[in-house]
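Student: how does the following fold in three dimensions:
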Amino acid sequence: MFFRTFRHPLFILSFLGLFFFLPLIGLANPERDALIEDHYQRGYDLSESKEFSRALLELNLAMRHMRHLPRHPRRIEVEKLILRTKERMVLERYLQSNESSTKKDDHLLPLKFEPDHFRVRQIYGKVYIRKIWKDRETITAKEYIGEGRQVSTLPHAGIELEESRTQGFILRAVDAAGLSLLSSNSLELHSGCFSICSNKYIPELMLKSSSANLSVSSRQPFALFVEVGTDGHLHATSLLGKIKLQNGDDLVQILPGERCESTQYGLNQIDDMDLGSHFLRSKLLGKFQKPPIFYGQLVQQARIQIRRSRVSLE
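Tutor: Okay, here's the model as predicted:
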């Protein structure tokens, strides 16, 4: 009787369903679900109180508990709240900065005196340029921006800039990103994701954030992906070339697919990344008319990485 039941089609289908779908929904865990709910509610309350950094910290903790649970009932709500919180944070920073600059508008320089330190290669959506010279809420490709400017891209917007004096590097920022163009070899990254690339030798490019510094150099053409964490840490991934990263006394060299985190305490190397999917998920392709200058090489490098992975598995 037992074996007849075991061989019954309904029993087999039930078993297969349990086998294939249980990993997707995860085993019931009241303690874990309670932690997720607690972090979600705290994140929601903090977001409503405009304490955006603390809200993102709580929401990211909730996502950490769900990293292997793609169909958890709270996952979509948490992801949407993270995106909405990031958008509100960028908008709030812009409004505060705009209010402050409006009061000091008499001290801002006329646009006709703005130098040509950075050239706009591509742009779409709403991008604001502030500080030192008069604010620019509309800017087009082939126009120039001076050193010291603060650039903010609102959600569903992006900008690609080229350092124009020496054609040293090209920077791309999209979707709720903010940065300050301190000089031709120094950038302060406030929030968001960026790609930085160059076709020539770069002796040093200094990247700064609220809690970390990162010196970037390369003796060959390179492309680097950088993301600013909610804690101000800089997460750097090599897309192309051999790139040297330095923070204080810590010095590492990363190859395509390798990642490194820069904190106030130094550098931490992290696991390798899947180049192709990582870049696509970063949204740095955006809605630009032309792909990044290194896109073809990135595709080729991603294919090489896939072949190496297959060989290592064999």
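
Student: show me where the chain has its helices.
Tutor: For the chain, applying DSSP state H gives helices covering 2-7, 9-25, 30-48, 52-65, 75-103, 275-281, 295-313.

Student: pLDDT averaged over the longest one - what is it?
Tutor: The predicted model gives helix 75-103 an average pLDDT of 74.

Student: point out where the stretch 151-300 of the chain drops to low pLDDT.
Tutor: 271-283 (pLDDT under 70).

Student: got a list of what the residue nearest the centre of the chain touches?
Tutor: Computing the C-alpha centroid of the chain and ranking residues by C-alpha atoms, centre = their mean puts residue 193 first, at 2.8 Å. For residue 193, the contacting residues are 173-175, 177, 225-228, 282-284, by C-beta atoms under 8 Å, 6 or more residues apart in numbering. Every C-beta, even on glycine, is put in place using the N, C-alpha and C of the backbone.

Student: for residue 171, see how far away it is.
Tutor: According to C-beta to C-beta, to the nearest Å, residue 193 stands 11 Å off from residue 171.

Student: just to check, residue 154 is in contact with residue 93?
Tutor: No - using C-beta atoms under 8 Å, residue 154 is not in contact with residue 93; the gap is 10.7 Å.

Student: and residue 195, how many neighbours does it have?
Tutor: Residues within reach of residue 195, counting by other C-beta atoms under 10 Å, total 23.

Student: that one touches residue 177, doesn't it?
Tutor: No - counting by C-beta under 8 Å, residue 177 is not a contact partner of residue 195; they are 10.9 Å apart.

Student: was I right to think residue 130 contacts residue 148?
Tutor: No - if you go by C-beta under 8 Å, residue 130 and residue 148 don't touch, sitting 10.1 Å apart.

Student: more crowded one of the two?
Tutor: residue 130 (20 against 15).

Student: how close does the more buried one sit to residue 245?
Tutor: Counting by C-beta to C-beta, the gap from residue 130 to residue 245 is 30 Å.

Student: how about the contacts made by residue 126?
Tutor: So residue 126 contacts 137, 153-154, 156-157 (C-beta under 8 Å, 6+ apart).

Student: and the pLDDT at it?
Tutor: 92.

Student: do the same with residue 132
Tutor: At residue 132, pLDDT is 89.

Student: neighbours of it, just the number please.
Tutor: Neighbour count of residue 132, defined by other C-beta under 10 Å: 15.

Student: before we move on, what about residue 270?
Tutor: 12.

Student: so in terms of bridging, what pairs with the residue nearest to it when sequence neighbours are not counted?
Tutor: Closest residue in space to residue 270, ignoring its immediate chain neighbours: residue 259 at 4.4 Å, by C-beta to C-beta, 6 or more residues apart in numbering. Residue 259 has these beta-bridge partners by DSSP bridges: residue 237, residue 270.
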